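Sequence plus predicted model, see below.
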Amino acid sequence: MNEQIIKLFILAIPVACIAWTVTHEEVFREPREYFMSQSVSRKTILGRKFFYLFTCEYCFSHYVVLAMLFITNYHLLFLDWRGYLIAGFSLVWIANLYMSIFGRLRLGIRKERTVIKAMDDESAKKEDHIQT
């Protein structure tokens, strides 16, 4: 049981990494913008929802988890289909917890950079004012 829990927290790391990268990072910006436009402009609800899945980290993580379960044959608590179901939802939850933590961390870093830049700009203005 302890081994299963350790695997749960480890397997959630690549799930979170893949889901975050596809839905947030610059390397996938162009496809993501296309998917976003399609998720709004498609005429059918099925078409809109299909394209939306590639723009939402929570939604996309479900599909990454399905692939991860297939690749690793990971199950939790039970050896049959129930174990895969529990493992799947558990992996999604932990992965999204990781992504939330990462998102908050990045937001904090971005805020600190903004504050530091504002302080630097203010110092430069004071220096310019003193020199003139």
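That came in fine, so what should we check first?

Going along the chain, name the helices of the protein.
Counting by DSSP state H, the chain has these helices, from start to end: 2-24, 29-41, 45-52, 57-72, 81-131.

Columns mean neighbour count and mean pLDDT on top of the ones you listed, output as a markdown table?
Placement of C-beta: from N, CA and C, glycine included. Output for the helices of the chain, formatted as a markdown table (neighbours: other CB atoms under 10 Å; pLDDT from 0 to 100):
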| stretch | mean neighbour count | mean pLDDT |
| --- | --- | --- |
| helix 2-24 | 16 | 94 |
| helix 29-41 | 13 | 92 |
| helix 45-52 | 13 | 91 |
| helix 57-72 | 17 | 94 |
| helix 81-131 | 13 | 86 |
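
How about the contacts made by the spatially most central residue of the chain?
Geometric centre of the chain, nearest residue: W20, 2.7 Å, by CA atoms, centre = their mean. By CB atoms under 8 Å, 6 or more residues apart in numbering, W20 lies in contact with 57, 99, 102.

Am I right that the first one is in contact with I18?
No - at 9.8 Å, E57 does not count as touching I18 under the criterion of CB atoms under 8 Å.

if we can go back for a sec, quick one: which of the contacts of W20 is nearest T114?
Nearest to T114 among the contacts of W20 is F102, at 18.8 Å by CB to CB.

and the gap between the residue nearest to the closest one when sequence neighbours are not counted and V27?
Among residues not flanking F102 along the chain, W20 sits closest, at 6.5 Å (CB to CB, 6 or more residues apart in numbering). From W20 over to V27 the distance is 11 Å, taken as CB to CB, to the nearest Å.

what do you get for Y84?
31 Å.

next one: A87
29 Å.

which ones are touching Y63?
Taking CB under 8 Å, 6+ apart as the test, what Y63 contacts is L53.
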